[in-house]
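Colleague: show me how the following folds:
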Amino acid sequence: MQTILVIDDDDNLRDTIGVLLEREGFRAILASDGLSGLDQAILAKPSLIITDLRLPGLSGVEVCKRLRSSGVLTPIIVLSAIGEEIDKVLLLEIGADDYVVKPFGTRELLARIRAVLRRQPGVQQKVLTFADVEVNLDRRVVTRRDQEIRFTPAEYNLLTFFLQNPDRPLSRDMILNSVWGYESFPNTRTVDAHVVRLRQKLEADPNCPRHFLTLHKVGYRFLP
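Modeller: Model (predicted):
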C-alpha cells in the first residue's frame, strides 16, 4: 500500500483528501503545518507528498526546498488557491512535480496523483489478477486468457476500484463518489449498468456472477 502525506492547514480539506485517499486504497498521513509536514516527509518516507503553498510556520515553498536540499526525491504535488499566480519555473526550482489549483475535483486530483506516481523511477509495474483476468495498473491494460479487453474509462476505473477493495460491501453512493467523483451526479443506475458490463466482459457466466456480486439493499461486493 502506497503512503501519501497531505500537508494543509485547512482541516476540512485535509480530512476530505485523507478520506478520499483511503477509499482509493492509499494510506494517508495528515499534517496541519509545514514543520510537522517536513518531519513526516522525512520520517514516514511517503510515496508522494501533497502540500499547500500557504502554510503556518513553514511555507509549502520552503518545505519543498528543504526536502530537495536534503536529498529527498519524493514526488510533490503543490496545492494553490485560485487567483494565486503559479510560476511553473518556480515550481521546478523548488522541486515540485505538479500543481493543482483549488477548488479542484476529486477525479482531477486522483488523476494527477496517479500520473505523478507512474513517473517515479524504479517503480515496478503493478499487476492484479483474479480468475483468468490480469489487470496491469501501470499500462491500464486488461487481459483475459491473454486477450486484451477494451474498457471505457469509467468501466476501467470501476474495475480497479473493485480490485482495490476486495471482499468489502460497497454501497452505490460510495462507488459513485469514488469512481465518478463528488462533483458528478450520475444516477445510481449508472453503477448498475457498468457492473453489468463488467460481468459481461469478465465473468464466465454473467447471469451467475462469481466475482461481482450484488448485495441486496446495499450495493456490491467484489470477490477475487
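
Colleague: every contact and neighbour count from this point should use C-alpha atoms.
Modeller: Noted.

Colleague: which residue ranges of the protein form helices?
Modeller: Using DSSP state H, the helices of the chain run over 11-23, 34-43, 60-69, 88-94, 106-118, 153-163, 172-175, 189-202.

Colleague: list of residues touching the longest one?
Modeller: Helix 189-202 has contacts (CA atoms under 8 Å, 6 or more residues apart in numbering) with 133, 144, 149, 154-155, 158-159, 172, 175-176, 205-206, 209, 212.

Colleague: where does pLDDT dip in the chain?
Modeller: Under the criterion pLDDT under 70, the flagged ranges of the chain are 82-93, 120-125, 181-186.

Colleague: can you rerun that using 50?
Modeller: Counting by pLDDT under 50, the chain contains low-confidence residues at 122-125, 183.

Colleague: tell me how it divides into domains.
Modeller: Domain assignment of the chain by automatic domain parsing yields the ranges 3-118, 127-222.

Colleague: so which of these is the most packed in?
Modeller: Among the domains of the chain, the stretch with the highest mean neighbour count (mean count of other CA atoms under 10 Å) is domain 3-118, at a mean of 18.

Colleague: end-to-end on that one?
Modeller: With CA to CA, to the nearest Å applied, domain 3-118 spans 14 Å between its terminal residues.

Colleague: go on, stretch 45-63?
Modeller: Start-to-end span of stretch 45-63 (CA to CA) is 14 Å.
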